[in-house]
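Peer 1: Okay, structure incoming, though there's no sequence with it:
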């Protein structure tokens, strides 16, 4: 198969392929934020509040001492339904002309909240996107055909990993900017988890898969949602989380919502540069986390030759063959620089060039009627316009 111009244009399972993607209008460049603008998630917004009402509230709360005001850029921001049916809505916002000082210093893992006197509720702002976040509203009078859940890799970001700069120096989050046009009857969500490699987290593979299964189940709370087709998309380690989660649900054979809603309606998966058979180039990363036993153990669990990884891969392939599950495997076509630890303790891609995920390792090697493979233009990171993810 010839290489697609963009991962989203690869052949996908039939649920997503029901309506062929339209060509992207060139005018969309004028709708996208300039590179460098931060996208924030705002939660706890009452259903009756409009974007203009939120802008007015934030203008008052973040008012400046001088004449210049930082306001929500309503052309680049949007209100979306809360994934959990909580009676609230969520906003994805950017500010103009710049981010308020109180949010500029918002550290990873922290949120900013305040009591809004107009809405009489507590508003929470973050830029981590932990848990599930819907990216765009679906059309109210059309039936939602499928749930799409996108999962980034280790050291990636739930939102930023799918974002990159276009030729016009504009920022494109293609899951949000293009899928809302091509697949407007799909509820597209991102899943955020504690993925930072240099943080002292102790999460295991089992912890992550349990979180993913519970989070997806929570986002599919009513009868209509539980019976809706679901498609997973994963980049690198995010793809491994998909295979491990499905196998965990399948083997456990537990009745009820956790396994039934997902397994009974799992219609396909799209893997972007996923090292199904493990990674070979981990020495520098293992050295970077050598004092963090939890992160070291996690990296060891996805190293080539790991027995548990091999067993889970075999089980997932059996699952695909027994259920006739269709998958798409997108492979990287360029070498990627290894990530090393810098002088300031940060991770940066400044090592030697390697094919980070070998072509053979990014395929499941299923029968042709079940697996579609495609080569994308890009290295392991730019494969999905990633900025900052390493595994």
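Peer 2: All right, it came through fine. Note that the coordinates shown come from a computational prediction; the quantities given were computed from them, not determined experimentally. Numbers count the residues shown, from 1 in each chain.
Peer 1: from the chain's centre, how far out does stretch 291-299 sit?
Peer 2: 23 Å (C-alpha atoms, centre = their mean, to the nearest Å).
Peer 1: quick one: buried residues of that stretch?
Peer 2: 292, 295, 296, 298, 299 (16 or more other C-beta atoms under 10 Å). Heads up, the C-betas are built off the backbone N, CA and C, glycines and all.
Peer 1: same check, this time on stretch 183-194
Peer 2: Neighbour-count burial for stretch 183-194 [16+ other C-beta under 10 Å]: 183, 184, 186, 187, 188, 189, 190, 191, 192, 193.
Peer 1: which residues touch the last one?
Peer 2: Listed by C-beta atoms under 8 Å, 6 or more residues apart in numbering, the contact set of residue 193 reads 130, 151, 158, 203, 208, 211, 212.
Peer 1: among these, which two are most distant?
Peer 2: 158 and 203 (15.1 Å; C-beta to C-beta).
Peer 1: if we take the contacts of residue 193, which one ends up nearest to residue 77?
Peer 2: Taking the contacts of residue 193 together and measuring to residue 77 by C-beta to C-beta, the closest member is residue 158, at 17.7 Å.
Peer 1: Out of the buried residues of stretch 291-299, which is nearest to residue 126?
Peer 2: residue 295 (22.8 Å).
Peer 1: For residue 198, see how far away that closest one is.
Peer 2: Separation of residue 295 from residue 198 (C-beta to C-beta, to the nearest Å) stands at 8 Å.
Peer 1: Pull up the overlap in contacts between these two.
Peer 2: With C-beta under 8 Å, 6+ apart as the test, residue 295 and residue 198 both reach residue 289.
Peer 1: Can you flag the buried ones in the contacts of residue 193?
Peer 2: Among the contacts of residue 193, those classed as buried by 16+ other C-beta under 10 Å are 130, 151, 158, 203, 208, 211, 212.
Peer 1: and the least confident of these?
Peer 2: Here the lowest pLDDT out of these sits on residue 203, with 92.
Peer 1: That one in helix, strand or coil?
Peer 2: The local conformation at residue 203, judged by DSSP: H, G, I helix; E, B strand; the rest coil, is coil.
Peer 1: residue contacts, it?
Peer 2: By C-beta under 8 Å, 6+ apart, residue 203 lies in contact with 193, 194, 294, 298.
Peer 1: Quick one: the helices in the protein, in order.
Peer 2: Using DSSP state H, the helices found in the chain span residues 51-61, 101-104, 174-177, 179-182, 205-219, 223-226, 237-252, 257-263, 283-288, 293-301, 307-323.
Peer 1: if we can go back for a sec, list just the nearest of the buried residues of stretch 183-194 to residue 122.
Peer 2: residue 192 (20.6 Å).
Peer 1: pretty sure that closest one is touching residue 130, no?
Peer 2: Yes - counting by C-beta atoms under 8 Å, residue 130 is a contact partner of residue 192 at 4.3 Å.
Peer 1: joint contacts of the two?
Peer 2: Common neighbours of residue 192 and residue 130 (C-beta under 8 Å, 6+ apart) are residue 158.
Peer 1: correct me, but residue 51 touches residue 76?
Peer 2: No - applying C-beta under 8 Å, one finds residue 51 not in contact with residue 76, separated by 10.8 Å.
Peer 1: Compute the first-to-last residue distance for stretch 43-52.
Peer 2: One end of stretch 43-52 sits 16 Å from the other (C-alpha to C-alpha, to the nearest Å).
Peer 1: Quick one: distance of it to the chain centre.
Peer 2: In terms of C-alpha atoms, centre = their mean, the centre of stretch 43-52 is set 24 Å apart from its chain centre.
Peer 1: How about stretch 78-88?
Peer 2: Centroid displacement of stretch 78-88 relative to its chain, using C-alpha atoms, centre = their mean, is 18 Å.
Peer 1: quick one: average confidence on that stretch?
Peer 2: Average pLDDT, stretch 78-88: 91.
Peer 1: Which residues are in contact with the closest residue to residue 161 other than its chain neighbours?
Peer 2: Spatial nearest neighbour of residue 161, excluding adjacent residues (C-beta to C-beta, 6 or more residues apart in numbering): residue 152 at 3.7 Å. Contacts here follow C-beta under 8 Å, 6+ apart; on that basis residue 152 touches 158, 161, 162, 190, 192, 195, 235, 236, 238, 386, 389.
Peer 1: so which of those comes closest to residue 316?
Peer 2: Among the contacts of residue 152, and counting by C-beta to C-beta, the member closest to residue 316 is residue 238, at 14.4 Å.
Peer 1: Bridged to the residue lying closest to that closest one once chain neighbours are set aside, which residues?
Peer 2: Excluding the flanking residues, the one nearest residue 238 by C-beta to C-beta, 6+ apart is residue 151, at 3.5 Å. Beta-bridge partners for residue 151, by DSSP bridges, are residue 234.
Peer 1: thinking residue 151 is in contact with residue 231, fair?
Peer 2: No - contact criterion C-beta under 8 Å: residue 151 and residue 231 do not qualify, at 11.7 Å.
Peer 1: so which of the helices of the chain gets nearest residue 86?
Peer 2: Per C-beta to C-beta, nearest to residue 86 of the helices of the chain: helix 205-219, 10.4 Å.
Peer 1: what's the spacing between the closest one and its chain's center?
Peer 2: Mean C-alpha position of helix 205-219 versus that of the full chain (C-alpha atoms, centre = their mean) differs by 14 Å.
Peer 1: so where's the protein uncertain?
Peer 2: Applying pLDDT under 70 to the chain flags the ranges 1-36, 64-69, 165-170, 253-258, 385-391.
Peer 1: domains for it, by residue range?
Peer 2: 7-23+130-384, 40-126 (automatic domain parsing).
Peer 1: taking these together, which one is wrapped up most tightly?
Peer 2: Greatest average neighbour count among the domains of the chain goes to domain 7-23+130-384 (a mean of 18), per mean count of other C-beta atoms under 10 Å.
Peer 1: Residue 108 and residue 127, how far apart?
Peer 2: 8 Å.
Peer 1: the strands in the stretch 51-200 of the chain, which residues?
Peer 2: According to DSSP state E, counting those that start in this stretch, the stretch 51-200 of the chain carries its strands in the segments 71-72, 78-81, 88-93, 95-96, 112-116, 121-126, 131-134, 146-151, 163-165, 171-173, 186-192.
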